[in-house]
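Participant: Prediction below, plus the sequence it came from.
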Amino acid sequence: MTEQHGRSPRADLTATAMRKLAPVDTAETGGRDRRKTDAALKLWRTIPPELANKLIPMTPQLVMSAVQEIQRSVPDYAKPLQGKFREVLVGAVDMAVVKCFENICDPNTPQADWDAAFRYAGRVEFLEGRTLDALQTAVRVGARVVWRQLSAAGRSIGLPHDALFNLADAIFAWVDELCSAAIAGYTAAQARSSGALERRRRQLLKLLLADPPATRQSIVDLAGATDWDLPARVSVIALEYREDQHRLPASALGPEVLVDLESTEPCLVVADAARHLVGLQRELRGRRAAIGPSVPLADAVLSLRCARKAMSLVQRGVLPDQPITQCVENLSTLALMSDEFLVSHLTGRVLLPFANLTTKQRDRLESTLLAWLETRGGINEIATRLDVHPQTVRYRMHQLETLLGDHLSDPEERLTMEIALRYRRLIGVGTHATTDADEDEILENAI
């Protein structure tokens, strides 16, 4: 064994050296020594201290045997025993054995050193890419080897069976404590890594949506640190803000989705929105979403603006209220509502001739004018659309000709009139069809 691995593990890295590798971290130990439970203390106190004095010389042999069996039995550890891997594996086994003997000699020995060391070992295991299951298996394999050899040595020196049983109980209770410390270090590293990755992914999302745009190289560099493959095109999904939105883990929608649930205007960035619709519907939990159009990566902020506009229109009742709104299915409405300041001013100019009419007269004439513009002037078709008598349509068209004159024959004016009337219909003002019950009143008020 010595020739296979170089110097004896005991001579190369002792428990003291392991302590140096992992100084006590008070943030993880709660600022105090961790003490074993009363049950564990009782177990160690049943073992004669003189036993430890007889078994301590076996330490190098126990460490080498445990390391060898771990490498043989656990595939994740079947690799050359060198570098950081060697330091942590051999050092952890060495410390476990040394502390086992220390516990026999003095059950009240402080525990912060080994606790910090095994948390450190757990962190390294995560960072080296080994699984938590492999880590726990390695600890238990090593413990079985140590127990078998200590049991044989105990019998050879005539240790009573009761003492052997107590030694077994104490060793495996000790192993449980080692496992707990290593698992705590592993999961803490996992959580920190996950948190750091999520922060970098949020930074990447903000970089993609920056206005003015970030440089291509800065995006490429950050994407490389987030395991996110830069696509040629993306869609941005605007989410409705909710107080509980932080409860949705950023990873819930998968690694292909960049997620911002921290801001008051949460959103997602995806390469192919259609692939994530099912998962999105499952995770929305009653919250609305609007999917922006697919755009080149450099135009991601434009997709976001479109999605947020769609979301605001859904909330105002301009677009249908549904869980997921597709911008590509509502482009004409989005284009019409993209600059409401200009459209409202255009509407005021176009409909100025209607200013002196009553609200009912204005609504009737607007609905008739829009139907005429949309149907290219067929009286019967307009009447059917408005559910009124054709004669009523003729009276209204006479009114419109009087009010608008040559504007009705000007293609550009007809376009602006249709824009204005469609805008008023979208925002819920005017252009409502008139029922048959109004016909008499319309005839009475006809100009």
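Facilitator: Everything's here; your move. Numbering: from 1, shown residues only.
Participant: Could I get the average pLDDT for the helix or strand hosting Val314?
Facilitator: Following DSSP states H and E, one finds Val314 within helix 300-316. Averaging pLDDT along helix 300-316 yields 95.
Participant: What of stretch 261-272?
Facilitator: On average, stretch 261-272 scores 86.
Participant: Can you give the distance from it to the centre of its chain?
Facilitator: The chain centroid and the centroid of stretch 261-272 are separated by 10 Å, computed with Cα atoms, centre = their mean, to the nearest Å.
Participant: now do stretch 347-362
Facilitator: Centroid separation for stretch 347-362 versus its chain: 51 Å, with Cα atoms, centre = their mean.
Participant: next one: stretch 118-138
Facilitator: For stretch 118-138, the distance to the chain centre is 25 Å (Cα atoms, centre = their mean).
Participant: Then stretch 361-372?
Facilitator: That offset, for stretch 361-372, works out to 50 Å (Cα atoms, centre = their mean).
Participant: do the same with stretch 47-66
Facilitator: With Cα atoms, centre = their mean, you get 49 Å for stretch 47-66.
Participant: before we move on, what about stretch 68-81?
Facilitator: Put simply, stretch 68-81 sits 35 Å off its chain's centre (Cα atoms, centre = their mean).
Participant: same deal with stretch 267-276?
Facilitator: With Cα atoms, centre = their mean, you get 13 Å for stretch 267-276.
Participant: strands paired with the helix or strand following the helix holding Val314, and their directions?
Facilitator: The first helix or strand that comes after helix 300-316 along the chain, using DSSP H and E, is strand 324-326. Each strand paired with strand 324-326, and its direction, by DSSP bridges: strand 289-291 (parallel).
Participant: Run me through the strand neighbours of the following helix or strand past the partner strand, direction for each.
Facilitator: Per DSSP H and E, the first helix or strand lying C-terminal to strand 289-291 is strand 295-296. When sheet partners are counted by DSSP bridges, strand 295-296 sits next to strand 233-239 (antiparallel).
Participant: Report the buried residues of the strand it pairs with.
Facilitator: By neighbour count with 16 or more other Cβ atoms under 10 Å, strand 233-239 contains the buried residues Val234, Ser235, Val236, Ile237, Ala238, Leu239. C-beta: built from backbone N, CA, C; applies to glycine.
Participant: And the residue lying closest to Arg155 once chain neighbours are set aside, how close does it get to Ile47?
Facilitator: Residue nearest to Arg155 in three dimensions, not counting chain neighbours: Leu164, with 7.1 Å by Cβ to Cβ, 6 or more residues apart in numbering. From Leu164 over to Ile47 the distance is 10 Å, taken as Cβ to Cβ, to the nearest Å.
Participant: Neighbour count for those two, which is higher?
Facilitator: Just comparing Leu164 and Ile47: by other Cβ atoms under 10 Å the higher neighbour count belongs to Ile47, 23 against 17.
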